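Participant: sequence-free structure coming up:
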């Protein structure tokens, strides 16, 4: 069985602050993929990043960075110098390799960036 | 840029009506999915498909049905809508890794 836990239900920050969204996952598979999606108020889910279980290199892309720690089963997401447009619900997701079905989502973290 | 489209975007309909939510993708993906999501809540998989003529039920029991006659098209049908069906329905497609989502259909049954 797979499970994704996003313990932070809601986070509020003031513009220009850095914010980290936590994600912890459980899987018995040795090969899997992790994802972050953003869901703005308009409702669509926007794919942000994918990480393979065998690639623990962390990445920075503009104001976004991701920290994948296999030892602690965590895949955290940081926004640097947050902006009001970053306000959205962010979902962490997990898929096991070879399974079309098993895309498991966390419960989401509502991020509000205040001006 | 993902090319997956859902129509209608918003739908308000009376109890007992039959509705079909449309989903189309132009990426040639074999795998397609329907998720149900209440506002601000987690996504629940209700249907998925590995390819043409393949459909399976997801984790969340749903009274809806789906069909997959063409690769690019994965419509969802409710034979008799009820207020409990009020929700957002998100369609997605994927090749092997990340899934790409449509904009969703917000359904309200009155």
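Facilitator: Arrived safely. None of the values given here were measured: they were computed from a predicted structure.
Participant: quick one: pLDDT of the closest residue to residue A:97 other than its chain neighbours?
Facilitator: Distances taken as Cβ to Cβ, 6 or more residues apart in numbering or on different chains place residue A:31 nearest to residue A:97, at 3.9 Å, with adjacent residues excluded. Every residue, glycine included, has its C-beta placed from N, CA and C. Note for residue A:31: predicted pLDDT of 87.
Participant: from residue A:65, how far off is residue A:31?
Facilitator: Going from residue A:31 to residue A:65 by Cβ to Cβ, to the nearest Å gives 24 Å.
Participant: those two - which one has more neighbours?
Facilitator: residue A:65 (17 against 11; other Cβ atoms under 10 Å in any protein chain shown).
Participant: can you tell me the element that one falls in?
Facilitator: strand A:64-69 (DSSP states H and E).
Participant: can you mark which positions in that strand are buried?
Facilitator: A:64, A:65, A:66, A:68 (16 or more other Cβ atoms under 10 Å in any protein chain shown).
Participant: ok, the second one - contacts?
Facilitator: What that stands for is residue A:65. Listed by Cβ atoms under 8 Å, 6 or more residues apart in numbering or on different chains, the contact set of residue A:65 reads A:58, A:59, A:77, A:78, A:80.
Participant: so what pairs up with the residue nearest to the first one when sequence neighbours are not counted in the strands?
Facilitator: The one in question is residue A:58. Nearest non-adjacent residue to residue A:58, counting by Cβ to Cβ, 6+ apart: residue A:67, 5.3 Å away. Under DSSP bridges, the beta-bridge partners of residue A:67 are residue A:76.
Participant: residues near the nearest residue to residue B:80 once chain neighbours are set aside, how many?
Facilitator: Distances taken as Cβ to Cβ, 6+ apart put residue B:16 closest to residue B:80, at 5.3 Å, once the chain neighbours are dropped. Using other Cβ under 10 Å, the number of residues around residue B:16 comes to 10.
Participant: list the contacts of residue 58.
Facilitator: I went with chain A, as the question did not name one. By Cβ under 8 Å, 6+ apart, the neighbours of residue A:58 are A:65, A:66, A:67, A:68.
Participant: I was after chain B.
Facilitator: Here residue B:58 is in contact with A:101, B:33, B:34, B:35, B:44, B:45, B:46, B:47, B:48 (Cβ under 8 Å, 6+ apart).
Participant: these two touch, right, the fifth one and residue B:61?
Facilitator: No. Here residue B:44 does not reach residue B:61: they are 9.6 Å apart, not a contact under Cβ atoms under 8 Å.
Participant: how much space separates the residue most central in space within chain B from residue B:95?
Facilitator: With distances taken as Cα atoms, centre = their mean, the residue of chain B nearest its centroid is residue B:34 (3.6 Å). Distance, residue B:34 to residue B:95, by Cβ to Cβ: 18 Å.
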